[in-house]
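K.L.:
Provided below for reference: sequence and predicted model.
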Amino acid sequence: MLRILSIIALFFLSALPTRAEEIVAGLSQNRVSITATFVGSEILIFGAVKRESPPPEDSPLGVVVVVEGPSAPITVRKKDKRFGIWVNTDAMELAAAPSFYAIATSNTLDNTISKLDDFQHLISVERSIQISDNPFNIDDPREFTDALIRIREKSGLYKRLENSVKLAQDTLFETRIALPANLTEGDYRTRILLTRGGQVTSEYETIINVQKVGLERWIFNLAHEQPLIYGLLSLVIAIAAGWGASAAFRMILRN
Amino acid sequence: MQIYLPIAEVSVNAFLLLGLGGIVGILSGMFGVGGGFLMTPLLFFIGIPPAVAVATEANQIVASSFSGVLAHLKRKTVDLRMGCVLLVGGLIGAALGVQLFNALKAIGQVDLLVKLSYVVFLGIIGSLMFVESLRAIMKSRKGGGVPKRRKHTWVHNLPFKMKFRTSGLYISVIPPVLVGVLVGILAAIMGVGGGFIMVPAMIYLLGMPTKVVVGTSLFQIIFVTAFTTLLHATTNFTVDMGLAVLLLIGGVIGAQIGAQIGVRLKAEQLRVLLAIMVLAVCGKLGLDLLIQPAELFELGAVGGH
């Protein structure tokens, strides 16, 4: 009995520092509206660490912010030289890959979160990419997922923002994450994680809703709900514009 | 000024699109080509997803071709009867082409086929036109006037003869229908209006006068691309109205200017210019296949190409 009690006590003692700190966070906006003149948006993510006891001295505090766009399946193709020309030879289908992925950390990623916690909490973008099946003809699937990350990093859709979370007096933190103009609609899962010595101690999760509004919304809905009418409307606009320009030009030439 | 395109889901500069539309429109009005073979690769280059670029381009070609045809109708340089005969063939060809396209898609490698057919056809047509029109220019420089190219060949001995008054031809309907079918198939596979194949075919195979060829080709292209637009809009939802409007504002104005330039140039000069342009695009596409790309990998939608 005593042994069991001591184990329970030990458990609570060891768990105590992890429970003692809690994250309180907010976003400058929970909604991003895509209008015709949308050029991207910057989200300010801020918060504080709530404590009931003095902070532990030994292990450093870290903050990880992850913003993840809606996932969709994708095909990655590889080119190779055949008969003197470069052609697509291999292709790998990925079951899901996020359309946008940003990780901001208060230190370098490795110093902020341990490899184990990164794995458990699915922090690095590699962990959010799902390979559906491991096709026989692909020797090295890693090569394809690496290529996906490389291409998306180049176009600004995947970002690793190390040392970008500002921590003040181990209590207040803030970071800015820029959302590019080529955003996909949907819910952007936003996670804020507090770490102590690389271990996650508290987690906060919210959603940023990205939606087309106004004319953009109307066009998008029409195109998907009434495709025939949309197609005909596109043709009518095209023909009207063609006729209008022709008529206008004749008037200019006559004068 | 940046503008967000609702279907393509990217933000691009509106003036860039207007400018691109304008340039391609001028070419379209001058040569009677829809300009799809130039515009579609340009749209890929500025970051529009390929599926959206192909579908929206078809819609834009409708506008610039319509504008161009009106200009040509005013000058009575459209052979409506020939246009309708070509169109019949064209629609049959397009339907066949879509079947072929889907069959090839099932095997994979449709991407390579599209590029290779671009290189092969642009190469052959471009060099033939270039040599022929240079020869014509040389001849007219020496004096002796423009040579008459209307020779009597096997084409004129086929049955089902029909009078094409605007073209000044009395030939069988079989060659024009076959030309239409061939162009329709290629247009469906290559995702373009097919003007750059149609124009030389009408000049060299059917012996139509160059002045009539441009207007007639545009007339035919309107219907083929309108058909394609509807097909894309209803099956793939990839026609971007915002993108189309910007491109076609530039395009229709360009087509009018192009048609004016077209009248002032000699037929041979027009053909040399078109030949050079066709060869340039061919060269660019050919080099892309031969030179090792900087990025060996590319991303695509699942199932698509």
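P.N.:
Here it is on my side, so go on. Residues are numbered from 1 along each chain as shown, chains lettered A, B, ... in the order given.

K.L.:
tell me which parts of the stretch 151-255 of chain A are close to chain B?
P.N.:
A:151-152, A:181-185, A:212, A:215-217, A:219-220, A:223-224, A:227-228, A:230-235, A:237-239, A:241-246, A:249-250 (C-beta under 8 Å from any C-beta of the partner chain). Just so you know, the C-beta spots here come from the backbone N, C-alpha and C atoms, and that holds for glycine as well.

K.L.:
Among these, which are located in helices?
P.N.:
Judged by DSSP state H, helices contain the following of these: A:151-152, A:215-217, A:219-220, A:223-224, A:227-228, A:230-235, A:237-239, A:241-246, A:249-250.

K.L.:
Buried among these? Make that a PyMOL selection.
P.N.:
Buried residues within those, by 16 or more other C-beta atoms under 10 Å in any protein chain shown, are selected in PyMOL with:
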select buried, chain A and resi 151+152+216+217+219+220+223+227+230+231+232+233+234+235+237+238+239+241+242+245+246+249
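
K.L.:
can you map out the strands along the chain?
P.N.:
I went with chain A, as the question did not name one. Per DSSP state E, chain A carries strands over the ranges A:21-27, A:31-34, A:41-51, A:61-68, A:71-82, A:85-98, A:101-105, A:130-131, A:158-161, A:166-168, A:172-179, A:186-196, A:199-212.

K.L.:
oops, I was thinking of chain B
P.N.:
Counting by DSSP E, the strands of chain B are B:2-4, B:11-13, B:161-164, B:169-172, B:297-300.

K.L.:
B:Thr77: which of these is closest?
P.N.:
strand B:161-164 (13.1 Å; C-beta to C-beta).

K.L.:
for chain A, what are the nearby residues on the stretch 201-305 of chain B?
P.N.:
By the rule C-beta under 8 Å from any C-beta, the part of the stretch 201-305 of chain B lying against chain A is B:226, B:229-230, B:232-235, B:237, B:239, B:241-242, B:244-245, B:248-249, B:252-253, B:255-256, B:288-293, B:295-304.

K.L.:
From the residues you listed, list the buried ones, please.
P.N.:
For these, buried by 16+ other C-beta under 10 Å: B:226, B:229-230, B:232-234, B:237, B:239, B:241-242, B:244-245, B:248-249, B:252-253, B:255-256, B:289, B:296-298, B:300.

K.L.:
does stretch B:75-94 come close to chain A?
P.N.:
No. Using C-beta under 8 Å from any C-beta, stretch B:75-94 stays clear of chain A, with a minimum separation of 11.6 Å.

K.L.:
Enumerate the positions of that stretch that are buried.
P.N.:
In stretch B:75-94, counting by 16+ other C-beta under 10 Å, buried: B:77-79, B:81-83, B:85-91, B:93-94.

K.L.:
so where is the chain shaky, pLDDT-wise?
P.N.:
In the absence of a named chain, this looks at chain A. Residue ranges of chain A with pLDDT under 70: A:1-19, A:132-138.

K.L.:
actually it's chain B I care about, not the one you picked
P.N.:
The model of chain B has pLDDT under 70 over residues B:32-34, B:102, B:104-111, B:142-159, B:188, B:190-192, B:300-305.

K.L.:
Tell me where it has helices.
P.N.:
In chain order, chain B shows helices spanning B:14-31, B:36-45, B:50-74, B:80-107, B:110-141, B:174-190, B:195-200, B:210-235, B:241-264, B:267-290, with DSSP H as the criterion.

K.L.:
Now do the last one and helix B:110-141, the angle between them.
P.N.:
Interaxial angle, helix B:267-290 versus helix B:110-141 (axes from the mean of the first three to the mean of the last three C-alpha atoms, to 10 degrees): 150 degrees.

K.L.:
what does the fourth one give?
P.N.:
Taking the same axes, to 10 degrees, one finds helix B:80-107 and helix B:110-141 inclined to each other by 150 degrees.

K.L.:
Then the second one?
P.N.:
Following the same axes, to 10 degrees, one obtains 130 degrees for the angle between helix B:36-45 and helix B:110-141.

K.L.:
Understood, closing this out.
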